[in-house]
Every structure is written in structure tokens, then in C-alpha cells.
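Visitor: let me see the structure of the following:
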Amino acid sequence: MLYHNVLSSSLILAIQHEALRLGFDLCSFAPVGEAPHADFFDAWIAAGRAGEMTYLERHREKRRFPALLAEPPSPPFETMVVLAVDYHQFDLPPAIRDDPSRGVIASYAWGDDYHEIIRPLLYELDAFIRERTGRTALGKCLVDTGPVLERDWAAVAGLGFTGKNCCTIRPSAGSWLFLAVLLIPERLPEGWTSRQRAEKQEASRKPATCGRCTRCLSACPTDAFVGPYELDPLRCISYWTIEARSIIPRQLRPAFRNRIFGCDICQEVCPYNRRLEERTPRLAGLRAHHERVAPPLLEGFDPAHPYWLNQEAFNRHFARSPIKRARRAGMLRNVCVALGNWGAPTTVPALAQALADPEPVARAHAAWALGRVLARQPHEPAANLLTMALEQETDARVREEIRLALNET
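Guide: Modelled structure (predicted):
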């Protein structure tokens, strides 16, 4: 078969229809070039914003020029197919969201891991294109894991605009979007970009923006936004509860309240997200598991299913879940912070187990949480636990947390 390296208008429509059939909600195209905000990203990295996310510091030139992701002898990439999946299901009722005895999990993690769900669909879409163009080399399929500035390309392709909360926002769908890209060597037809821009301008003479709204910036409980469009992850709840493996700064912990994996606050307050209807994702794997929405904090300490304490139980309970990214020790750390913010005496038996955990990061936060219980009212068992732990503890960081917990009473 002769390889056709230019996408016809009919094939572009066919690709979009196939993407929708596969389960994507949005599909558009952009000519591969230089990422519009590559300079901003480099400055962001230079400012030390990446923290423990050292993978962001790699492949900087490829992030700037995605065409470099083609590996010889494959032909160079000419077009980026930019796709999105809407994962909004329902808004968490305030009675559950604000219950200190429950641990709130970011809505993107209510279902199974979106990477594993979306990636095979990209392979299928690439196969669909290859069958029609005669191409034998594979395209590059990326779901939030490769060196691509997805939000830049979502904006270039017209899927939405980047909001002040750093999320891609589509006015009709809000910001609850998973982004994915497929890089292919086929070119867009001559003049396609200009035609697309003209169609957009005709459809909306006034491009959508955040306007003067700053609700997301004001609502962030840890002041993680340096300003509009710039996030400091080292102050972000999502960074600390998902990406970081180290001890959470003490001054930030009270602001986490009961959020144990990720944070949706800057999206929850966005006007574009406020009046969305409840929906069921078309991709079955993304549908919420009820036990992953806002689990009772003490449940995972139950001997019948101690998923905060036992690795095997953790793996079983969170099978196929993106929550596994934080690892068991990280999740136990997060849960201890939430228990400390709850501060009820009923948390002490669970914190006693966490204080004996093999992982120092979990023990450190258990000590802090016990100190929070003591700070509210005298509690002899909690004080005794901390005193005995101090006698046995060998990790310097944990010893410091125990001393501070005892001194704060």
C-alpha cells in the first residue's frame, strides 16, 4: 500500500468519529511545532518548582519540540492528535466532603487508573490511522506521562483554554478532563490551521477566558498559587499527598483538613464547573468505586482489612487504582495528617498502630497527630504512647516530631 503522508479532510473527520467511538469526548489536531509556553516551563523548573518530581527536569528539549520524540528510522512527527476524556461524575455532597472522619480522595481517582484505560485506546486510534494511510511505523501515544506540555497543545488544538488554576478549561465541560496525545507523521492539509481558526472565531467572537475571576486563587487553603497561571507545587496539597515521599511541612498540615489523596478545591470553585450535570463516564473503568470516594479514615486500620497498615491488603484494596502512586507509606502519612486534623480521642488506637509502622514517614505524622489530640484535651493513653515511642525511636526526624508533640500539650 502506498503511504499517504497528508491527512485528507475526510480522514480527519473519520479519525474524530473513531475517537468518539473509542470513548474519547474530544478530538482535535495541531501541527507539531514549538510548545508555546516552553520558556515559562524552563523558568518554572529553574525556580525549583518541581520538588521531588525530578522526571520533569528530563527531556526538556523534547518538551519544547515534540517532533524530537520520533525515533529513527521512524519518520518525523508532523501532527499531534489531541484528545480529552471528561471524567466528571458528580459533586461530593458537603455532608461527606466536610466530615472529618472521612478521607476525601480527588475525583480523578474514584475509578481505575486512567493511564491504563486511555493508553490502549490511543494504540487503537493509531492503528486506525495507519490502516488508512499505509503507514507501518507506530505513532507516539502519551497519557500524561511523556515529555509533552499537554495543556499547551490542548489550547493550540482548540479543546479549551488554560485557566488561572493551571487546568485546561472547556466552557461547556469545565476542567474535569484527562488529556492525551497521539503524535503521527501524517501532515495536516495545507491551510487547515487557518480554516480551523476562522471556524472558531465564527463560532465564538469572544474567546472564553477566566476574565477577572480569581476564585481558584483565593480558595486554595495553602496559598499554592504564586499568581494566575503559576502553581508552586511545594505548597500544593496534591503534590504532597501524591508525588512527595518526604515529611509534609508542619505549617501546611492543618490546611489539608481531611484530603488524603489530591485536591479538587481550585476546580470545585471554578464557575465553569459549578453547574455541570451528573453523568456516567462512557469508559466503564473510570466509573467511581464507592469505597474510593471518601472512605472512613479508621476503616483501613480494621484487622479484617488493614489496608493502611499492610502492603498486601493495600495492593488488594486499591487494585488498578491511581492511589497506588502514593504508595502505602505515603497514604498512611496522609491519613495520619487527616486524623490529626480531626483530633478526636477515637483516633488514638489507629494512631498507635501508625506510630509502630516500619516506615519513619508514617511514624512522624502519627506522632504529630497524637500531639493534635493532646492539644485539644488531656489524653493519658496518647501521652503515654508518645513517651514510650520517644524512648525506642531511632530516627532523628521522628524523634523531633514526638518531642514537638509532647511539648505542644
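
Visitor: next, count neighbours for residue 102.
Guide: Residues lying near residue 102 (other C-beta atoms under 10 Å) number 22. Heads up, the C-betas are built off the backbone N, CA and C, glycines and all.

Visitor: mind checking pLDDT for residue 197?
Guide: Per-residue confidence at residue 197 stands at 52 (pLDDT).

Visitor: ditto for residue 2
Guide: 69.

Visitor: quote the end-to-end distance of stretch 105-123.
Guide: Stretch 105-123 has its terminal residues 30 Å apart, counting by C-alpha to C-alpha, to the nearest Å.

Visitor: now it: buried residues?
Guide: For stretch 105-123, the neighbour count (16 or more other C-beta atoms under 10 Å) marks 105-114, 117-119, 121-122 as buried.

Visitor: quick one, strands of the stretch 51-200 of the chain?
Guide: Assigned by DSSP state E, counting those that start in this stretch, the strands in the stretch 51-200 of the chain fall at 79-86, 104-105, 140-142, 161-162, 168-169, 177-184.

Visitor: so which of those gets nearest residue 57?
Guide: Of all those, strand 140-142 sits nearest to residue 57, with 17.8 Å by C-beta to C-beta.

Visitor: can you confirm residue 40 is in a strand?
Guide: No - counting by DSSP: H, G, I helix; E, B strand; the rest coil, residue 40 is not part of a strand but helix.

Visitor: returning to that earlier point: want to throw the strands of the stretch 51-200 of the chain into JSON lines with distance to residue 227 and mean pLDDT?
Guide: Formatted as JSON lines, these follow (distance: least, C-beta to C-beta, whole Å; pLDDT from 0 to 100):
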{"stretch": "strand 79-86", "distance to residue 227": "26", "mean pLDDT": "98"}
{"stretch": "strand 104-105", "distance to residue 227": "27", "mean pLDDT": "98"}
{"stretch": "strand 140-142", "distance to residue 227": "29", "mean pLDDT": "97"}
{"stretch": "strand 161-162", "distance to residue 227": "14", "mean pLDDT": "96"}
{"stretch": "strand 168-169", "distance to residue 227": "17", "mean pLDDT": "97"}
{"stretch": "strand 177-184", "distance to residue 227": "23", "mean pLDDT": "98"}
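
Visitor: dump those strands into a markdown table; add distance to residue 191 as well.
Guide: Output for the strands of the stretch 51-200 of the chain, formatted as a markdown table (distance: least, C-beta to C-beta, whole Å):
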| stretch | distance to residue 191 |
| --- | --- |
| strand 79-86 | 14 |
| strand 104-105 | 46 |
| strand 140-142 | 25 |
| strand 161-162 | 24 |
| strand 168-169 | 26 |
| strand 177-184 | 19 |
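
Visitor: dump stretch 236-255 to PDB, keeping only the CA atoms.
Guide: Extracted C-alpha coordinates of stretch 236-255, given in PDB (Å, rounded to 0.1, in the frame of the first residue of the first chain):
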ATOM      1  CA  CYS A 236       0.100  22.200  46.900                       C
ATOM      2  CA  ILE A 237      -2.000  19.500  48.600                       C
ATOM      3  CA  SER A 238      -2.000  17.300  45.500                       C
ATOM      4  CA  TYR A 239       1.800  17.400  45.300                       C
ATOM      5  CA  TRP A 240       2.300  16.500  48.900                       C
ATOM      6  CA  THR A 241      -0.300  13.700  49.100                       C
ATOM      7  CA  ILE A 242       0.600  12.100  45.700                       C
ATOM      8  CA  GLU A 243       4.000  12.900  44.400                       C
ATOM      9  CA  ALA A 244       6.100  13.700  47.500                       C
ATOM     10  CA  ARG A 245       7.600  10.900  49.600                       C
ATOM     11  CA  SER A 246       9.100  13.000  52.400                       C
ATOM     12  CA  ILE A 247       7.700  14.600  55.500                       C
ATOM     13  CA  ILE A 248       5.000  17.200  54.900                       C
ATOM     14  CA  PRO A 249       5.900  20.700  56.300                       C
ATOM     15  CA  ARG A 250       4.200  21.200  59.700                       C
ATOM     16  CA  GLN A 251       2.800  24.600  58.800                       C
ATOM     17  CA  LEU A 252       0.900  23.100  55.800                       C
ATOM     18  CA  ARG A 253      -0.700  20.100  57.600                       C
ATOM     19  CA  PRO A 254      -3.700  21.800  59.200                       C
ATOM     20  CA  ALA A 255      -4.800  23.200  55.800                       C
END
